[in-house]
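Colleague: Fold the following and give me the result.
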Amino acid sequence: MKICLLADGTPKPVLAAVMDALAQQHEVSVWSPAAAEAPGSPWHPGPPADVYLLKSRTPEARALAHSAEWAGAVVLNSPAATSAVLDRWAMSTMLDLAGVPAPRTWAFPSLSLMARDALARHILPWPLVVKSRTSGRGDLVTLVRDIGDLLALVPEWGDEPVVAQEFIDNDGFDIKVWVIGGELSAARRPGALEVVDKSSDVALDPERMPAEWSSTALAAGAALGLELFGVDLLVTDRGPKVIDVNAFPGFGAATDPAGSMLRLVERHTTATLSPTA
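Modeller: Numbers count the residues shown, from 1 in each chain. As a prediction, the model looks like this:
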């Protein structure tokens, strides 16, 4: 079985361990779109694989994954699911259609137009969490308490397509849930918008968590078509709310992520090899 990891650069420890273990029984390779641009680079897709692990979010990696999927390969996560999660408005819409509890969300072609709309109609429910519509490193994610805060963002972010998410009162903590092929890990982390302090994570036993937390996280992944994902929950007096979903995060704080990922990949490779699949 040929397995290819589509990643941005050298795999982090968790993925490196997975690829090393898979290499004991399968032919594995890694392709980095960015590294592949370097002259004489050995990073390339190589011959077609049977299973692709789509860690990279780049258009090049998603295009290759899409072609591989059309050719009959297994892609985890699918390029369609990965693309949907990168578009925060698409993600919000899909969660809403599936009945997954999440904050109300509005989309605007630009932050400037959002500010103009807010000034003209005064209907936005302050405070709001304003985010770049496209999720990525260095994107906009900030709490906006009123129109003054919003206008202060215009000089730097005025042309940025954004979504505005209803701010939900909570206990000051996020519940981080990591899911790999249906296997859950979780932690409680102090809530933060701009700065994330992973060192403050307190691991939670999924078996002892409220069932509603686990079911909500799994429902979010199912709504988006994900098998490898992370979910951020806020716990409210009306139950958990999904405030963010990440496709194929690092899983560094998850419990035995390498083992869970190996089991997921092996299930797919077994199904691929089965003559009745």
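
Colleague: where in this structure is pLDDT low?
Modeller: Under the criterion pLDDT under 70, the flagged ranges of the chain are 34-46, 122, 192-199, 272-277.

Colleague: Please enumerate the strands of it.
Modeller: 2-6, 27-31, 51-54, 74-76, 105-108, 128-132, 141-144, 162-166, 173-180, 183-190, 202-204, 228-236, 239-247 (DSSP state E).

Colleague: Would you mind finding the most buried of the ones you listed?
Modeller: When you average the neighbours per residue for each of the strands of the chain (mean count of other Cβ atoms under 10 Å), strand 51-54 leads with a mean of 26. From N, CA and C alone the C-beta is placed, and that goes for glycine too.

Colleague: and residue 85, which of the strands of the chain is closest to it?
Modeller: strand 239-247 (4.3 Å; Cβ to Cβ).

Colleague: Just the CA atoms of that closest one, as CSV, please.
Modeller: Extracted in CSV, the C-alpha atoms of strand 239-247 (Å, rounded to 0.1, in the frame of the first residue of the first chain):
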residue,chain,number,x,y,z
GLY,A,239,-25.2,23.5,26.5
PRO,A,240,-22.0,23.5,24.5
LYS,A,241,-21.5,25.8,21.4
VAL,A,242,-19.0,25.1,18.6
ILE,A,243,-16.9,28.3,18.1
ASP,A,244,-14.3,26.8,15.8
VAL,A,245,-13.3,23.7,13.9
ASN,A,246,-9.8,22.8,12.6
ALA,A,247,-9.1,20.3,9.9
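
Colleague: The residue nearest to residue 160 when sequence neighbours are not counted: how many residues sit nearby?
Modeller: Distance criterion Cβ to Cβ, 6 or more residues apart in numbering; nearest residue to residue 160, sequence neighbours excluded, is residue 111 at 5.1 Å. Using other Cβ atoms under 10 Å as the criterion, residue 111 is surrounded by 24 other residues.

Colleague: about what we covered before: compile the strands of the chain into a markdown table and extend it with columns for distance to residue 258.
Modeller: Output for the strands of the chain, formatted as a markdown table (distance: least, Cβ to Cβ, whole Å):
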| stretch | distance to residue 258 |
| --- | --- |
| strand 2-6 | 13 |
| strand 27-31 | 14 |
| strand 51-54 | 13 |
| strand 74-76 | 15 |
| strand 105-108 | 34 |
| strand 128-132 | 31 |
| strand 141-144 | 29 |
| strand 162-166 | 33 |
| strand 173-180 | 9 |
| strand 183-190 | 12 |
| strand 202-204 | 17 |
| strand 228-236 | 12 |
| strand 239-247 | 18 |
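
Colleague: So for residue 61, which of the ones you listed sits nearest?
Modeller: The nearest among the strands of the chain, by Cβ to Cβ, is strand 2-6 at 4.3 Å.

Colleague: Look through this structure and report the residue furthest from the middle.
Modeller: residue 120 (34.4 Å; Cα atoms, centre = their mean).

Colleague: and the gap between it and residue 175?
Modeller: In this view, residue 120 and residue 175 are 37 Å apart by Cβ to Cβ, to the nearest Å.
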